[in-house]
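1. Dropping the sequence and predicted coords here.
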Amino acid sequence: MRDNARVTLYRDEGIVLRTQKLGEADRIVTVLTRRSGRIRAAAKGVRRTRSKFGARLEPFTHVDLQFYERRSLDLITQAETLRPYGEPLVTDYPRYTAGVAMLETAEKLTAEEKEPALRQFLLLLGGLRTLVDRSHDPRLVLDAYLLRSLSVAGWAPALDECARCGSRGRLRVFAIAAGGALCGACRQPGAATPAPQTLELMVALLRGDWERADASQMRHRVECSGLVAAYLQWHLEHGIRSLRHVERGLEGDTAGVDPDPAVMNEETTV
């Protein structure tokens, strides 16, 4: 951490969210860090084949970094890999695309650079670890991450009480603009009418009740994913582009399929 204005070097651990080309051999690396929040920093010469730490600054990598503080972009001077989450994900298309959507969401929900975002960092770290451990369906992991990230950002949907009147009676519809589930008396035109089991699944994911979530049926998972994605993108100024690749994973098991080049492109989605 930076102790005073005269200190120009500081260390932090973080997760690489995205990289962009800078000049002929450099990159701009966007990292969500434990203590300093989201940081955009320059990494010199990392696109050269002889770079000492270029491979350590790829998306999904959990790294320990040293930064040199500058007026514009800070400079990454050291990088040590703590865990390369990307390696086990790139050969599993559903888990990879779910991970990409998590990285993009983390960047969008930490809009201010260098503002502490410890809870968002811990959520992302835990989400990637769960994806890699393969203990749950990747789309369930993604939806749980999205719901909890929205909650940390102050946008948690009302799921077990009416978003308008607060009643805990039978919740019949889900209205994104109203803030979540609504009772029959508060029902709004155009609101979605999910199955009760779908709302129960959303509650389970938000609370981390994996026993109930894992026991859910596919039709309720698909309906849940649609509601969560729509709710997330309604609250963001710009949509999550990588979610369109995740939706393809719902059509069938694509494990082992090489990642789509459009998802891999560092200038677009990762």
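-> Arrived safely, thanks for sending.
2. tell me the mean pLDDT over stretch 81-95?
-> The average pLDDT within stretch 81-95 is 93.
3. which of the residues in it are buried?
-> 83, 84, 85, 86, 88, 89, 90, 92, 93, 94, 95 (16 or more other C-beta atoms under 10 Å). All C-beta spots, glycine's among them, are computed from the backbone N, C-alpha and C.
4. how far does it sit from the chain's center?
-> 14 Å (C-alpha atoms, centre = their mean, to the nearest Å).
5. Please apply the same query to stretch 194-202.
-> On C-alpha atoms, centre = their mean, the centre of stretch 194-202 falls 22 Å from the chain's centre.
6. Same check on stretch 38-46?
-> Its chain's C-alpha centre and that of stretch 38-46 lie 20 Å apart, by C-alpha atoms, centre = their mean.
7. can you check stretch 166-179 too?
-> 26 Å.
8. same thing with stretch 201-212?
-> Per C-alpha atoms, centre = their mean, the centroid offset for stretch 201-212 relative to its chain is 18 Å.
9. Would you agree residue 157 is in contact with residue 199?
-> No - in this structure residue 157 lies outside contact range of residue 199 using C-beta atoms under 8 Å: 9.7 Å.
10. Strands - which of the buried residues of stretch 81-95 land there?
-> 83, 84 (DSSP state E).
11. Dump the buried residues of stretch 81-95 into CSV; add distance to residue 35 as well.
-> Below are those laid out as CSV (distance: C-beta to C-beta, whole Å):
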residue, distance to residue 35
83, 18
84, 22
85, 20
86, 23
88, 27
89, 26
90, 29
92, 31
93, 34
94, 32
95, 28
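12. of all the buried residues of stretch 81-95, which comes closest to residue 40?
-> Of all those, residue 40 sits closest to residue 86, with 19.4 Å by C-beta to C-beta.
13. Buried ones in the top helix by length along the chain, by neighbour count?
-> Using DSSP state H, we find that the single longest helix of the chain is helix 218-235. Across helix 218-235, burial judged by 16+ other C-beta under 10 Å covers 220, 221, 223, 224, 225, 227, 228, 229, 231, 232, 233, 235.
14. The residue nearest to the spatial centre of the chain is in what secondary structure piece?
-> Centroid check for the chain by C-alpha atoms, centre = their mean gives residue 102 as the closest residue, at 2.1 Å. For residue 102, the enclosing helix or strand under DSSP states H and E is helix 93-108.
15. That helix vs helix 218-235, what angle?
-> Helix 93-108 and helix 218-235 meet at an angle of 20 degrees, taking axes from the mean of the first three to the mean of the last three C-alpha atoms, to 10 degrees as the criterion.
16. so how far is helix 93-108 from its chain's centroid?
-> 5 Å.
17. Same question for stretch 203-214.
-> Relative to its chain's centre, stretch 203-214 lies at 18 Å (C-alpha atoms, centre = their mean).
18. per-residue confidence averaged over it?
-> Stretch 203-214 shows a mean pLDDT of 97.
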